[in-house]
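In: What follows is a predicted protein model with its sequence.
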Amino acid sequence: MTGHYVQQLLLSTLLLGSFLAMSTVRADCVAGGGSQDLGAEPSNRVATTSLDYTFSSDFSCSGFVQLLDYNRIDATLVAADFALTDNTTGESLPYALYTDEARVEPFVLGQTREFGSTTLLDILNLFSSANGSIPLYLRTSPANLPVGIYTDVINILWEWNYCSGIGALGICLGRDSGTTNILIELQLEVVGNCVVQANDVHLGAVSFLTEAVEADMPVDVNCTRLMSYQIYVDGGDHFDGAQRNMAKGEDTIAYQIRSADKTTAIGPTLLNSQSVTGLGTTDRVNFRVSTLPTPVLPPPGVYFDNVRVIIEY
């Protein structure tokens, strides 16, 4: 009977040891630093919209499963210009920095944000996986900018004191602490784009074509500020023999499109285009549509053509 009791006691001890080993979790925090590419945005979107971005703070901790002890992880914002700047042109895109996804309270210079409370870490759900990286959030203010690469460098001081190992029953097996400065370079590319708006042109009703019938052809263009572009009008649906035509069935009326002062042909190819520099706001480009004089009046009816305004940049 005595020998049997000893074997049972030994088995219970081995099971307890196995439970303790399986419950032990180690954690490590790593501070990096480097470049965070926010991508590319068309200039008209940058000019009219507040853009939101989420990026890594380059501070991460791995291995946390449950934080039953207090853990302090603090971030102090040491330096930031709060503007992404093109170092070639000096143009800037203002932004605000946040530590919360809702972007309620900006993270300002000299301010310390605490990430270490168990409650906050649980809300952020940062350490529920093998590698939890603390994110930062950014919101731009609209700005009318030329094409370029816009950057800023953020300097953050990280300080931490956390339970680096958790055993059975939530017992902390050791603590780790440290401080480090990291530099994060943010980069956003602003790319060129154009938006074009044109309306139908009506030449009215006529009973003769011995003289030219004319009308303005205004085109509203919004192209990236300081960006050069070429604008012209194609030959239309009834282009024939180097001539634009309005048509009604087989009958046609020849016409031309010229610059507003009627001195320069516009289109039908890039060779006959106008050179313009973008404003980043809506700019009106005026053309002039006129029929070619003819002594022969075509059959009555509605004559029309479809043309396309083309911008190359």
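Out: Yep, that arrived.
In: ok, which stretches of the chain are helices?
Out: In chain order, the chain shows helices spanning 2-23, 43-48, 118-124, with DSSP state H as the criterion.
In: per-stretch mean pLDDT over the ones you listed, give me the minimum one.
Out: Of all the helices of the chain, mean pLDDT reaches its minimum on helix 2-23 (a mean of 39).
In: Name the nearest residue to residue 104, ignoring sequence neighbours.
Out: In space, and not counting its chain neighbours, residue 104 is closest to residue 98: 7.4 Å by CB to CB, 6 or more residues apart in numbering. From N, CA and C alone the C-beta is placed, and that goes for glycine too.
In: ok, what's across the strand from that neighbour?
Out: Note on residue 98: beta-bridge partners by DSSP bridges are residue 137.
In: Could you report the neighbour count for it?
Out: Using other CB atoms under 10 Å, residue 98 is surrounded by 20 other residues.
In: That one touches residue 111, doesn't it?
Out: No: Residue 98 is beyond contact range of residue 111, at 11.3 Å (criterion: CB atoms under 8 Å).
In: can you list the weak-confidence ranges in this structure?
Out: Low-confidence segments of the chain (pLDDT under 70): 1-28, 61-70, 116-132, 164-170.
In: try it again with 50
Out: Applying pLDDT under 50 to the chain flags the ranges 1-26, 63-67, 118-120, 122-124, 127-131.
In: residues contacting residue 301?
Out: 248-249, 251 (CB atoms under 8 Å, 6 or more residues apart in numbering).
In: want to throw those residues into a markdown table with neighbour count and distance to residue 146?
Out: Listed next are the contacts of residue 301 as a markdown table, based on neighbours: other CB atoms under 10 Å; distance: CB to CB, whole Å:
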| residue | neighbour count | distance to residue 146 |
| --- | --- | --- |
| 248 | 14 | 46 |
| 249 | 8 | 49 |
| 251 | 13 | 49 |
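In: Out of the residues you listed, which comes closest to residue 77?
Out: Set against residue 77, the nearest of the contacts of residue 301 by CB to CB is residue 248 (70.0 Å).
In: List the contacts of residue 256.
Out: Applying CB under 8 Å, 6+ apart to residue 256 gives the contacts 244, 265, 289-290, 292.
In: can you check residue 106 too?
Out: Contacts for residue 106 (CB under 8 Å, 6+ apart) come out as 96-98.
In: how close does it sit to residue 189?
Out: Shown here: residue 106 relative to residue 189, a distance of 24 Å by CB to CB, to the nearest Å.
In: Then residue 266?
Out: Here residue 266 is placed at a distance of 33 Å from residue 189 (CB to CB).
In: for residue 174, same thing?
Out: In this view, residue 174 and residue 189 are 45 Å apart by CB to CB.
In: Please apply the same query to residue 294.
Out: From residue 294 across to residue 189, the span is 53 Å (CB to CB).
In: Spell out, range by range, the strands that occur in the stretch 51-200 of the chain.
Out: Ranges of strands in the stretch 51-200 of the chain, per DSSP state E, counting those that start in this stretch, are 52-62, 72-79, 83-85, 92-98, 112-114, 131-140, 148-166, 172-191, 194-198.
In: Phi and psi next, for residue 306.
Out: Main-chain torsions, residue 306, degrees, to the nearest 10: phi -110, psi 130.
In: Find the residue closest to it in space, skipping its chain neighbours.
Out: Distances taken as CB to CB, 6+ apart put residue 237 closest to residue 306, at 4.8 Å, once the chain neighbours are dropped.
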